[in-house]
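Visitor: fold the following.
(one chain, ligands or ions: 1)
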Amino acid sequence: MSRFWSPIVQTLTPYVPGEQPKITNLIKLNTNENPFGPSPRVLEAIKAETADTLRLYPDPNADRLKQTIAAYHGIAANEVFVGNGSDEVLAHVFMALLNHEKPLLFADITYSFYPTYCSLYGVKHRVVPLDENMRIRLADYDQECGAIIIANPNAPTGILLSTAEIELLLQAHPDVVVVVDEAYVDFGGETVIPLIKRYPNLLVIHTLSKSRSLAGLRVGFAVGHPELIEALDRVKNSFNSYPLDRLAIAGSVAAIEDESYFRRTCQGVIDTREKLVAGLKLLGFDVLPSAANFIFARHPQHDAATLAANLRAKAILVRHFKQERINQYLRISIGTDAECEALVDALQQIIAQ
Ligand SMILES: Cc1ncc(COP(=O)(O)O)c(C=O)c1O
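Guide: Residues are numbered from 1 along each chain as shown. The predicted structure follows:
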């Protein structure tokens, strides 16, 4: 606290990201990064861009990237907004589209950046509890609201709503913006991007951090009706003209163009996830059904915080949230086969002690 702070700063509860350890040779399963490196074509594209041209500002609109995304999803470039990670895109969304007289609705257990943006931008909101099976119950969203945001698959549960269910939500709320954050959709879901043609109130958020293995490059995007995109552009152009640098634009274009690498690595993560789920179930864990690159699991006889601490002592990082309702769960990112086998071995030893 300082007398120099703006009043709002004193009221903020900043988001706390998972640990990025400074030491190496840890098994890092705590921040949902992809165990596969980015496509070799991404690295080539970034190297080619590492040139004298870095003295010049990048394209403020990242048109090449928008066109690549539009072509990939069969939409128009003016239906795409890009930003410095989907976190930045989401921040602009909260400011530009979710701040209304009536409250924004989101689940009690979901991406914990949502309440943080609400406090930053003064967005009125109401949390809608997941049901007893940690699922979103659509009927609970049948209430007056200013907007809705849903992570699908949800984080940190990994549970997926079907396209038909998202469409029911859109039909029930034609007069408010419905944001679907699909950060993890490529690991088992189906994107609702095609629905933007029929629902001008739908905005879909994607990131290149997870399924394109580019968490370090910071690229995310939003897709929706041009009027929604225009609102985001107005905020972005009042904040930072150049959210994506030249390397990020070159690398992310190459990532989206390398479809076969993308499909192969997503399938690799899915296969490892299914083996990990089987291994954890054999140890007695309850594992929620995951369509993401992480799983959410608890052991009926073992305290989750203690398990996480014991894993840390064995140089394995997983994520534990102290939040009510989920403080007996561990969120475990899908690593390589070898990393996940090491995790199961370590848990077996810890549980046997
Ligand atoms: C649901 C969800 N949305 C968005 C993000 C932000 O991703 P990024 O800012 O890396 O694009 C995350 C990151 O963990 C997430 O879990």
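
Visitor: for stretch 275-283, which positions count as buried?
Guide: 276, 277, 279, 280 (16 or more other CB atoms under 10 Å). All C-beta atoms are positioned from the backbone trio N, CA, C, and that covers glycine.

Visitor: and it, average pLDDT?
Guide: Mean pLDDT, computed over stretch 275-283, is 98.

Visitor: please write out the alpha-carbon positions of that stretch in PDB.
Guide: The C-alpha trace of stretch 275-283 is given here as PDB (Å, rounded to 0.1, in the frame of the first residue of the first chain):
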ATOM      1  CA  LYS A 275      -3.100 -43.300 -20.000                       C
ATOM      2  CA  LEU A 276      -2.700 -40.900 -17.100                       C
ATOM      3  CA  VAL A 277      -6.400 -41.100 -16.200                       C
ATOM      4  CA  ALA A 278      -6.200 -44.900 -16.200                       C
ATOM      5  CA  GLY A 279      -3.100 -44.900 -14.000                       C
ATOM      6  CA  LEU A 280      -4.600 -42.400 -11.500                       C
ATOM      7  CA  LYS A 281      -7.800 -44.400 -11.300                       C
ATOM      8  CA  LEU A 282      -5.800 -47.500 -10.500                       C
ATOM      9  CA  LEU A 283      -4.400 -45.600  -7.500                       C
END
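
Visitor: residue 209: which of the buried residues of stretch 275-283 is nearest?
Guide: Using CB to CB, residue 276 is the member of those that lies nearest residue 209, at 20.5 Å.

Visitor: which element is the closest residue to the closest one other than its chain neighbours on?
Guide: Closest residue to residue 276 apart from its sequence neighbours, by CB to CB, 6 or more residues apart in numbering: residue 340 at 4.4 Å. Residue 340 is part of helix 337-352 when elements are defined by DSSP states H and E.

Visitor: what helices or strands is that helix leaning on?
Guide: strand 27-29, helix 259-282, helix 304-313, strand 316-318 (3 or more CB pairs under 8 Å, 6 or more residues apart in numbering; DSSP states H and E).

Visitor: nearest to the ligand, of the ones you listed?
Guide: Between the ligand and the helices and strands packed on helix 337-352, the shortest gap by CB to the nearest ligand atom is with strand 27-29, which sits at 13.5 Å.

Visitor: picking that back up, quick one: closest of the helices and strands packed on helix 337-352 to residue 292.
Guide: Smallest distance to residue 292 across the helices and strands packed on helix 337-352 (CB to CB): 8.3 Å, for helix 259-282.

Visitor: coming back round to it: can you name the two of the buried residues of stretch 275-283 that sit furthest apart?
Guide: Greatest spacing in the buried residues of stretch 275-283, by CB to CB: 277 and 279 (7.4 Å).

Visitor: what's near enough to touch the residue nearest to residue 195 when sequence neighbours are not counted?
Guide: Among residues not flanking residue 195 along the chain, residue 202 sits closest, at 5.6 Å (CB to CB, 6+ apart). Each residue near residue 202 by CB atoms under 8 Å, 6 or more residues apart in numbering is listed here: 170, 177, 178, 180, 192, 195, 196, 224, 225.

Visitor: so which of those residues belong to helices?
Guide: Judged by DSSP state H, the subset of the contacts of residue 202 located in helices is residue 170.

Visitor: looking at the contacts of residue 202, spot the one nearest the ligand.
Guide: residue 180 (10.4 Å).

Visitor: okay, that closest one: pLDDT?
Guide: Confidence at residue 180, expressed as pLDDT, is 98.

Visitor: try residue 18
Guide: On pLDDT, residue 18 comes in at 80.

Visitor: cool, and residue 187?
Guide: pLDDT for residue 187: 98.

Visitor: list the contacts for the closest residue to it other than its chain neighbours?
Guide: Of all residues not flanking residue 187 in the chain, residue 293 sits nearest, at 4.8 Å (CB to CB, 6+ apart). By CB under 8 Å, 6+ apart, the residues touching residue 293 are 32, 34, 184, 187, 210, 211, 269, 273, 333, 334.

Visitor: could you rerun that using 7 Å?
Guide: 32, 34, 184, 187, 210, 269, 333, 334 (CB atoms under 7 Å, 6 or more residues apart in numbering).

Visitor: strands of the chain, start to end?
Guide: Ranges of strands in the chain, per DSSP state E, are 27-29, 80-83, 104-107, 125-128, 147-151, 177-181, 202-207, 220-224, 286-287, 294-298, 316-318, 330-333.
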